[in-house]
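Q: Just to be clear, the model below is a prediction. Sequence and coordinates:
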Amino acid sequence: MAKRPPATPSLFEVEAPRPLADRLRPMSLEEVVGQDHLLGADGALRRMITGGRLSSMILWGPPGSGKTTIARLLAQHTRYAFEPLSAVFSGVADLRRVFDAARERRRMGEETLLFVDEIHRFNRAQQDGFLPYVEDGTVVLVGATTENPSFELNPPLLSRCRVLVLNRLSEEALEVILARAEKTLGRPLPLDADARRALKAMSDGDGRYLLNMAETLSALPAEPVIDSQALVAIVQRRMPLYDKAQEGHYNLISALHKSLRGSDTDAALYWFARMVVGGEEPRYICRRLVRFAVEDIGLADPQALVQALAAWEAYERLGSPEGELAIVQCVIYLGTAPKSNAAYRAQGAATAAARESGSLMPPAHILNAPTRLMQELGYGRGYQYDHNAEDTFSGQNYFPDGMARQRYYTPSGRGFEKDVQARIAYWDRLRAAKGQG
């Protein structure tokens, strides 16, 4: 099959200024940086190219990681016709046009790669519209998304596509891009070593954003060389990627929770700060900290719940930003507290037993008998009032008749639960002495 000749740019296109990011767009897959796990010798995309046939896929990765570039180069290497669409600007008429053209190409023996940027923005019905064309091979669909496909794409469409994850660009990959930019610009950027590192950090793994900042800096004179503080004054600092309604929200609260569970207080403070800087509602964080206090600390330190509720109350009274310090204090307390999930496990074990045991009645002696009939049936008969017993402990059985005693709560022996453990052992000894062990 003859290779499709590249479109010849018009005179106006040649003379028109092009952004640096566009001029440095990779012209071959070998020029793509930071995605060796997909494009290396054993990578999934490399194997497809070597085999000469593509399968439908979803490229999932952060902004500026190369999704659009990779899709275009895949079509180039495999000689598929490249049809790009954006879910933001395209509708049903655009899709129908692409599918009709792809069907006509197929009659001529030519394959079509349909690239859909921001595919998660198509609604469920529109996503279902791809299914027959992907199923019968009219198009090879390559969708690009920054959102978790598990949440945003229909299961039927997802089952027909392979999800390939693109990495956030590393500092090494960003340095390669920066060096290419300086070569194209014809001179190094006027940055000292610290400012150069800061520039890459500010790009947050986004190659396109890095090139846009480099283009801004290229307008500066070669002297004086600027430091990181001057860089921040020149280039608007980028807000970290964070979507309160999507995966970033769940990833960061998970990181905060697990850092606290691992008693890594400094890491927990970092993830808390990331959420606040990203615009997270502090009340949501407070709610999760209360949950953490009872799930992961419990009676190992009963003050943990008190501290979490106090921090929430302090935030409600003070608001932002003053009230956030109360949450910080709570994070520090929870991170440094002894940990125990004994109460959490006890809840799970008791719940499982309740579901398995059906509708067993409480033993009659612990039932109230407000009517004569209930008294005649033996309700309350034989009940021993514990406060009248020696050691205020009767030792009676409170489990259903016919159900053996169970032990759901087993203290960890850490923090205050060591005292709780001793209390339980004391009651166990008394129960055994009264023949109810």
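A: Received the coordinates, thanks.

Q: mind listing the helices in the stretch 51-200 of the chain by residue range?
A: All helices of the stretch 51-200 of the chain, identified by DSSP state H, counting those that start in this stretch, fall at 67-78, 92-107, 124-128, 131-135, 149-152, 155-159, 171-185, 193-203.

Q: what number of residues lie near Pro63?
A: 14 (other C-beta atoms under 10 Å). In short, each C-beta sits where N, CA and C put it, glycine included.

Q: can I get the helices of the stretch 51-200 of the chain in JSON lines with distance to Leu430 and mean neighbour count?
A: Formatted as JSON lines, those follow (distance: least, C-beta to C-beta, whole Å; neighbours: other C-beta atoms under 10 Å):
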{"stretch": "helix 67-78", "distance to Leu430": "68", "mean neighbour count": "20"}
{"stretch": "helix 92-107", "distance to Leu430": "76", "mean neighbour count": "14"}
{"stretch": "helix 124-128", "distance to Leu430": "62", "mean neighbour count": "14"}
{"stretch": "helix 131-135", "distance to Leu430": "68", "mean neighbour count": "15"}
{"stretch": "helix 149-152", "distance to Leu430": "53", "mean neighbour count": "15"}
{"stretch": "helix 155-159", "distance to Leu430": "57", "mean neighbour count": "14"}
{"stretch": "helix 171-185", "distance to Leu430": "64", "mean neighbour count": "17"}
{"stretch": "helix 193-203", "distance to Leu430": "63", "mean neighbour count": "17"}
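
Q: Mean pLDDT for those helices - can I get that in a markdown table?
A: Formatted as a markdown table, these follow (pLDDT from 0 to 100):
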| stretch | mean pLDDT |
| --- | --- |
| helix 67-78 | 92 |
| helix 92-107 | 90 |
| helix 124-128 | 87 |
| helix 131-135 | 91 |
| helix 149-152 | 85 |
| helix 155-159 | 90 |
| helix 171-185 | 93 |
| helix 193-203 | 89 |
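
Q: Tabulate those (JSON lines), appending distance to Ser55.
A: What follows is those, written out as JSON lines (distance: least, C-beta to C-beta, whole Å):
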{"stretch": "helix 67-78", "distance to Ser55": "11"}
{"stretch": "helix 92-107", "distance to Ser55": "16"}
{"stretch": "helix 124-128", "distance to Ser55": "18"}
{"stretch": "helix 131-135", "distance to Ser55": "10"}
{"stretch": "helix 149-152", "distance to Ser55": "15"}
{"stretch": "helix 155-159", "distance to Ser55": "13"}
{"stretch": "helix 171-185", "distance to Ser55": "26"}
{"stretch": "helix 193-203", "distance to Ser55": "32"}
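
Q: quick one, which of those helices is nearest to Gln229?
A: helix 193-203 (8.5 Å; C-beta to C-beta).

Q: Which elements pack onto the closest one?
A: With contacts taken as 3 or more C-beta pairs under 8 Å, 6 or more residues apart in numbering; DSSP states H and E, helix 193-203 sits against helix 171-185, helix 207-217, helix 228-234.

Q: Nearest approach to Arg121 belongs to which of those helices?
A: helix 207-217 (19.0 Å).

Q: Ok, which of the helices of the stretch 51-200 of the chain comes nearest Tyr209?
A: helix 193-203 (4.9 Å).

Q: a markdown table for the helices and strands packed on helix 193-203, including distance to Lys418?
A: Output for those, formatted as a markdown table (distance: least, C-beta to C-beta, whole Å):
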| stretch | distance to Lys418 |
| --- | --- |
| helix 171-185 | 46 |
| helix 207-217 | 53 |
| helix 228-234 | 50 |
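
Q: Next, name the residue at the spatial heart of the chain.
A: For the chain, Asn251 is the residue whose C-alpha lies nearest the centre (C-alpha atoms, centre = their mean; 2.8 Å).

Q: of the helices and strands packed on helix 193-203, which approaches Thr371 most closely?
A: Of all the helices and strands packed on helix 193-203, helix 207-217 comes closest under C-beta to C-beta, at 76.5 Å.

Q: contacts for the closest one?
A: Helix 207-217 has contacts (C-beta atoms under 8 Å, 6 or more residues apart in numbering) with 19-21, 24, 33-34, 63-66, 169, 173-174, 177-178, 181-182, 185, 189-191, 199-200, 202-203, 234-235, 238.

Q: same thing with stretch 353-362?
A: Residues contacting stretch 353-362 (C-beta under 8 Å, 6+ apart): 398, 400-403, 406, 408.

Q: Below-threshold pLDDT in the stretch 1-150 of the chain: ranges please.
A: 1-17 (pLDDT under 70).

Q: let's see it at 50
A: Where the stretch 1-150 of the chain drops to pLDDT under 50, the residues are 1-4, 11-12, 14.

Q: where exactly do the strands run in this structure?
A: Listed in chain order, the strands of the chain (DSSP state E) span 57-60, 81-86, 112-117, 140-145, 162-165.

Q: Show me what counts as buried in the second one.
A: Of the residues in strand 81-86, those buried by neighbour count under the rule 16 or more other C-beta atoms under 10 Å are 81-85.

Q: hang on, the earlier thing: what about the helices of the stretch 51-200 of the chain, which gets the closest to His387?
A: Nearest of these (C-beta to C-beta): helix 149-152, 55.8 Å.

Q: quick one: the closest one to chain centroid distance?
A: 12 Å (C-alpha atoms, centre = their mean, to the nearest Å).

Q: Then stretch 63-70?
A: Worked out by C-alpha atoms, centre = their mean, stretch 63-70 lies 20 Å from the chain centre.

Q: Give the buried residues for stretch 359-370.
A: Neighbour-count burial for stretch 359-370 flags 363-365, 367, 369 (criterion: 16+ other C-beta under 10 Å).

Q: what's the spacing between the closest residue to Leu174 other than its chain neighbours and Val232?
A: In space, and not counting its chain neighbours, Leu174 is closest to Lys200: 4.5 Å by C-beta to C-beta, 6 or more residues apart in numbering. As judged by C-beta to C-beta, to the nearest Å, Lys200 and Val232 stand 14 Å apart.

Q: re earlier: turn the buried residues of stretch 359-370 into TSV, columns for pLDDT and distance to Ala195.
A: Conversion of the buried residues of stretch 359-370 to TSV gives the following (pLDDT from 0 to 100; distance: C-beta to C-beta, whole Å):
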residue	pLDDT	distance to Ala195
Pro363	88	76
Ala364	87	81
His365	87	79
Leu367	86	77
Ala369	85	83
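
Q: Of those, which is the nearest to Met48?
A: Pro363 (68.3 Å).

Q: pretty sure the closest one contacts Pro400?
A: Yes - counting by C-beta atoms under 8 Å, Pro363 does reach Pro400; the two are 6.6 Å apart.

Q: quick one, domains of the protein?
A: 32-165, 171-234, 247-336, 360-433 (automatic domain parsing).

Q: Off-centre distance for the last one?
A: Read that as domain 360-433. 45 Å.

Q: what does the third one give?
A: Remark: domain 247-336 is offset 18 Å from the chain centroid, using C-alpha atoms, centre = their mean.
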